[in-house]
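Asker: sequence unknown, structure follows:
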């Protein structure tokens, strides 16, 4: 009998422990917030936006990845790829493979930013402050317009001004995905459709954003980006007007010297928008990683992208500061990306002068100022002798002198119809493949020709 | 009190009666088939009076009742009872027992006589483990068990080990078995700071292990429910035996080297090939390589390469001679009440890859005490400290083996011969890391298991077990002012992990025999486990001196983080075994598991299993069969689970991030509330047999494992903003035969030869994959194919006319066949499935031979049917596309029209055949002499003079011979960056070969 008492005691002990244990299965993550909580709080919506800027700045995209692709794909001997990574070597060789992981990362990150912009746009209602709500909408659209613009320029055949552009660009996804059942398998939209979205988003951003907004997108950042988009489309009147407004109204001024426009830890006076880099971003600035000497944080190619003597030919004045904006490691480096932790100028006022000059010249107008004056503003800032007259070729050459290594090369080649070596401006080899992983994951996509 | 008085009286009466009959002395001799048997026990049945035989097998026992019964027994032999019946001399020959079937084996939550086991499991004993001088316990099991594939990722000493039991049952969830030590499920999480895993079990001393049971089928593993799918490895540590206190020392030391080195171009060949490659691209007039001040001059750093002043063998700098030392000292013993085992161990392994080594200090104390006849307690503890000097992952310039990419024209050191030359190397010189950096891991591991067992009734007992496992790991890295961190004046980081787990089990065991024919055992109880993990990390740059290497001296803290996470399991389990007349065996078990890892509505899973057995040889028609000694048929079916996913995989989550030092939140995970267990149904049929007086025995099994609701990280279209999602989709099967044969080939007084052969086949197939193909790198998961099959463009060799690399189109023609036309345009060629990284046939053959005082044991192991892809091939064997040094076979390049070769024309910086294709895929079949051990035991007569029981001198070798056609470093060495990937398998990338080790050792037992 005594034994059975033992058993009863033990069984009740066990039962007790069983019951008390069940609650222990409810464990809440300590490093993450649940989606339901996040999207109900205005402060969190703002923080998603900040993260989207950060993701845009990441090395694969605006932290150097896109610019590296643009400069190397359009490289015709000015540069030499000296690095060990295969992906940029494929750019340089104009022989990209569909599994190029740099290409994949540009694609994936663009849509990651797009999704965050969409999350913000779908949850604007939780922001009760009307001004804050408008700003958030403007910023989300600024970022969304930006990523579609670059996706269109990288993955589609070039935009041909004045005709229908029904060539396939990239899928447009405007619905936020926070739950598994929202996943779609979209097809590619046409280039016209993508540009229409870009212009509509950036125009909204232009209307909604304030004139100053800390380091984030402003009205004039949107205007400057619009100027760049219109220029890419060959819509010179609108490009000119946007550039003109930025020059006249933004309050930005050219830095006193060319050097002062780069390697700054705070935005310079001519930055309309710059990507922020801090000492927390070790190796996360691809401009520095691939273009700087190894003493300045660059990779072991020292530098991986070196500037060849052919490039010197574009400078027409030995006193031009820009002609000396290089330093020697094992090979020649551009000084533009020397500071490992310097901000990355993205929309500089100098570009607006170039857009206004080119657009005025092409439109035979002198809105704001004459093309000659605009070009000479830039030249005198760099200590180069002023020109007596300009034509389209000199304007474009000035553009190259001013903007080299900043990621304009490929897009200018496509816009101007310039071939790269044996590759015509619209050659398949100058267009990125749809990433292989994306082709594998989404059966509704069509691959670009040549891949 | 009254009772004991009565008992005492009865005993007294009995004794009186006995003496009244009459008593006498009995003597005699006990022998076995090979002669006199010292140390056999002779017991008067019903009493405690006993004697032991002496060195000649003789015994004398006094005052034996004329009607008494004597029980003769000896471990491993069949006991015999003999009626004295007045005799004064009794000579007995004890017969061999069928040892394999008399064994007791450890199963989940209990033990069972092997004879009655209806499961499929493999047992590996201490002898087999201790003979193999490898630092990790998994290494000692390789080739020993049918259906178990054990592969160390590559030759780094701390490197992760993959154990695959009966194939691969999961795509995205864990593929590793559950390790249980003395009843306590072990922490088995890789805590490496890089993608190259650290073996979490490296901190255990294999010398402390008594036996290992690998539970393979569902009937045995289902008692571990949600974690049983990948099999369960039950580790039992050593315990003292009552009697004389035994003092043992096992000490060994030896040398190691790489199993295989490759042949690379020497300086002259390098110059020849690259000069030609440059000429093919830019014309022979372009002398940029060879001109004074040209590229080669740059590489040579002032050395006169034109006259052979420099010819660096970078491989020899990376793969060095290693060494091994292993010492374990133990004291064990006890009496009827208390058993104890205490051991201390030290292992020092200097790896074959430069700069990679390990020290391990370990301690174990096991204690078992009988408080009373009813009450037992026990405590096992172990502590260890493991220090590892690490080297970079396979995908880093700092890892030694990537040095093979450097040009032989480049001197390894500057002129002073001390400071590594980092000025003119093609890539970062790994020697700099050794000279100016450090990377150390310290692993502190504490294991504790205690139990309390109470016999409530003779047939009912209760056991409570408390286990605790603490894995504390710190990893510290420093790179000084000459390294890749030169621009920031040095870099250091420190990462600390505290991972711990406790486990409580309470269960009853009921065991009763009815009518001598029906054996019933029931086990039932519960288990609760809580695992927690904390991590702290900090990194800094800017060091005042290369001698100040901790983050404290950093001028700037550049990164830091800390995190906490936890998961729990709550389980109930029950198992019944029932046998009728020792012939008909039945077993059924049920486990109900709950885990915090799953969504609230899918939290619990039920895992049943059942098995039956029929010992045919106990039936009358076979009982006295001369040939067949044992014949047992088995069959089992059961369900097991897999919960090896992230702790919060079902929740939609955002995590913290920052931009420009402003706080931000980033989408982390998509919500999927429907996430549930992955379940595997496994059927196993088998038979056990023993023939010819048990000289041949073995097992044959066939199994089918089908896993449904696969936990799958399904790749999503990137357009969703996400890259993958864990879902329960699809199913997969593993089928295979397993065959084990043990045979005693020769057994005489002086000479014995035993062999054990195991063979297993594996047929893995993804049966259903609703989301379509998953392609990761070179591997694909596709319906109807083996998981991780290679998916590559097919290389078609070289166009003899112009040296262009060719590929098969492999586009599907209108009739459904593949178009085998060749093309030089890689982008036109389609990928096809070409082989898999998993072997379809595996075998192990162990021979044990003893001759007088000599013993010899060796194991051959083989795997067939797998392939390996060399991801580094494009650089290493890429007909001089990049400046990297090339394997010597690249000299067979196409040079002039008409050349027939597989190596395309060398064109520097121009792609010609370096794209991912079957050019870099090879069969990795191999047969390997995995281990060999030769020992000499000094005769007892000699050693007893110095009070030594056993003195054995031995030589061992690991990986002594490898037979393979694989041309890379080693058919088992794979890319450690993929170490934790379930899909990217069979990929090699500058992966170090394993060590070939020779040691000399000494066993002393006092």
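Answerer: That came in fine, so what should we check first? Note that the structure is predicted; figures quoted are calculated from it, not measured.

Asker: Return the residues in contact with the residue in the stretch 201-350 of chain A that chain B sits nearest to.
Answerer: Proximity to chain B, evaluated over the stretch 201-350 of chain A using C-beta to the nearest C-beta, is greatest for residue A:276 at 3.8 Å. All C-beta atoms are positioned from the backbone trio N, CA, C, and that covers glycine. Shown in contact with residue A:276 (C-beta atoms under 8 Å, 6 or more residues apart in numbering or on different chains): A:57, A:215, A:343, B:659, B:660.

Asker: right, and the second one touches residue A:267 too?
Answerer: Yes: at 6.5 Å, residue A:215 and residue A:267 qualify as touching, with contact defined as C-beta atoms under 8 Å.

Asker: what is in contact with these two at once?
Answerer: Contact criterion C-beta under 8 Å, 6+ apart; residues shared by residue A:215 and residue A:267: residue A:274.

Asker: Neighbour-wise, give me the winner out of the contacts of residue A:276.
Answerer: When the contacts of residue A:276 are compared by neighbour count (other C-beta atoms under 10 Å in any protein chain shown), residue B:659 ends up highest, at 26 neighbours.

Asker: If we ignore the residues flanking it in sequence, what's nearest it?
Answerer: Once its chain neighbours are removed from consideration, residue B:659 has its nearest residue in residue A:54; the separation is 3.0 Å (C-beta to C-beta, 6 or more residues apart in numbering or on different chains).

Asker: picking up where we left off before, now the residue of the stretch 201-350 of chain A closest to chain B: how far from residue A:63?
Answerer: Taking C-beta to C-beta, to the nearest Å as the measure, residue A:276 and residue A:63 are separated by 10 Å.

Asker: Determine the number of other residues adjacent to residue 187.
Answerer: Just so you know, I chose chain A. That count, for residue A:187 with other C-beta under 10 Å as the rule, works out to 12.

Asker: Wait, chain B was what I had in mind.
Answerer: For residue B:187, the tally of surrounding residues (other C-beta under 10 Å) stands at 19.

Asker: for the one 3 residues further on, same thing?
Answerer: Neighbour count for residue B:190, taken as other C-beta under 10 Å: 14.

Asker: sorry, back to before: in which helix or strand does the residue nearest to residue B:659 reside?
Answerer: In the assignment (DSSP states H and E), residue A:54 maps to helix A:42-57.

Asker: Report whether stretch B:420-437 contacts chain A.
Answerer: Yes: Stretch B:420-437 lies within reach of chain A by C-beta under 8 Å from any C-beta of the partner chain, at B:427, B:428.

Asker: Show me whatever sits in contact with both of residue A:276 and residue A:63.
Answerer: When contacts are counted by C-beta under 8 Å, 6+ apart, residue A:276 and residue A:63 have residue A:57 as shared neighbours.

Asker: circling back: what residues sit buried inside the helix holding residue A:54?
Answerer: Residues of helix A:42-57 classed as buried under the neighbour-count rule (16 or more other C-beta atoms under 10 Å in any protein chain shown) are A:42, A:44-57.

Asker: That one - contacts with which helices or strands?
Answerer: Under the contact criterion of 3 or more C-beta pairs under 8 Å, 6 or more residues apart in numbering or on different chains; DSSP states H and E, the helices and strands touching helix A:42-57 comprise helix A:35-38, helix A:101-122, helix A:130-155, strand B:653-659, strand B:662-669.

Asker: Tell me which residues are up against the helix or strand just after that helix.
Answerer: As assigned by DSSP H and E, the chain's next helix or strand after helix A:42-57 is helix A:65-73. Outside helix A:65-73, the residues that touch it by C-beta under 8 Å, 6+ apart are A:58-59, A:79, A:81, A:88, A:91-92, A:94, A:96, A:102-103, A:105-106, A:150, A:154, A:286-287, A:290, A:305, A:405-411, A:420, A:430, A:432.

Asker: So which of those residues belong to helices?
Answerer: Where the contacts of helix A:65-73 overlap with helices, as defined by DSSP state H, the overlap consists of A:88, A:91-92, A:102-103, A:105-106, A:150, A:154, A:286-287, A:290, A:409-411.

Asker: Contact partners for residue 126?
Answerer: Looking at chain A here, since you left the chain open. Contacts of residue A:126 by C-beta under 8 Å, 6+ apart are A:39, A:40, A:41, A:42, A:45.

Asker: other chain: chain B
Answerer: Neighbour list for residue B:126: B:209, B:210, B:211, B:238 [criterion: C-beta under 8 Å, 6+ apart].

Asker: what's the pLDDT at it?
Answerer: In this model, residue B:126 is scored at 81, pLDDT.

Asker: Next one: it relative to chain A, how far apart?
Answerer: Look at residue B:126 and chain A: by C-beta to the nearest C-beta, to the nearest Å, they are 35 Å apart.

Asker: would you turn the contacts of residue A:276 into CSV with distance to residue B:252 and pLDDT?
Answerer: Written out in CSV, the entries for the contacts of residue A:276 read as follows (distance: C-beta to C-beta, whole Å; pLDDT from 0 to 100):
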residue, distance to residue B:252, pLDDT
A:57, 56, 96
A:215, 64, 95
A:343, 60, 96
B:659, 56, 94
B:660, 58, 92
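
Asker: Quick check: the farthest pair among these?
Answerer: Considering C-beta to C-beta, no two members of the contacts of residue A:276 lie farther apart than A:343 and B:659, which are separated by 12.2 Å.

Asker: Which residue does the stretch 401-550 of chain B have closest to chain A?
Answerer: Taking C-beta to the nearest C-beta, the stretch 401-550 of chain B has residue B:487 as its residue nearest chain A, at 4.2 Å.

Asker: Please verify my assumption that that residue contacts residue A:340.
Answerer: Yes: proximity of residue B:487 to residue A:340 meets the contact threshold set by C-beta under 8 Å, at 6.5 Å.

Asker: who's more crowded, those two?
Answerer: A direct count of neighbours by other C-beta under 10 Å for residue B:487 and residue A:340 places residue A:340 higher, at 22 against 19.

Asker: residues touching the more buried one, list them.
Answerer: By C-beta under 8 Å, 6+ apart, the residues touching residue A:340 are A:277, A:282, A:285, A:288, A:292, A:296, A:297, B:487, B:488.

Asker: next one: residue A:243
Answerer: Applying C-beta under 8 Å, 6+ apart, the residues near residue A:243 are A:224, A:227, A:352, A:353, A:355, A:356, A:359, A:368.

Asker: Without its sequence neighbours, what residue ends up closest to residue A:79?
Answerer: Going by C-beta to C-beta, 6+ apart, residue A:79 has residue A:305 as its nearest residue, at 5.4 Å.

Asker: Tell me how many other residues crowd the spatially closest residue to residue A:168 that is not a sequence neighbour.
Answerer: Once its chain neighbours are removed from consideration, residue A:168 has its nearest residue in residue A:188; the separation is 4.2 Å (C-beta to C-beta, 6+ apart). Using other C-beta under 10 Å as the criterion, residue A:188 is surrounded by 23 other residues.

Asker: State the phi and psi torsions of residue A:188.
Answerer: Note on residue A:188: backbone dihedrals following degrees, to the nearest 10 are phi -80, psi 140.

Asker: What's the separation between it and residue A:418?
Answerer: Between residue A:188 and residue A:418 the distance is 26 Å, computed by C-beta to C-beta.

Asker: residues in contact with residue 377?
Answerer: Assuming you mean chain A. By C-beta under 8 Å, 6+ apart, residue A:377 lies in contact with A:254, A:353, A:369.

Asker: Correction: the question concerned chain B.
Answerer: B:368, B:369, B:371, B:450, B:451, B:452, B:453.

Asker: just residue B:718 next, same as before
Answerer: A:104, A:107, A:108, A:111, A:112, A:435, A:437, A:438, A:441.

Asker: Keep only these that also lie close to chain B.
Answerer: Applying C-beta under 8 Å from any C-beta, the subset of these adjacent to chain B comprises A:104, A:107, A:108, A:111, A:112, A:435, A:437, A:438, A:441.

Asker: What spatial separation is found between the closest residue to residue B:573 other than its chain neighbours and residue A:314?
Answerer: In space, and not counting its chain neighbours, residue B:573 is closest to residue B:591: 4.4 Å by C-beta to C-beta, 6+ apart. Residue B:591 is 75 Å from residue A:314, where distance means C-beta to C-beta.
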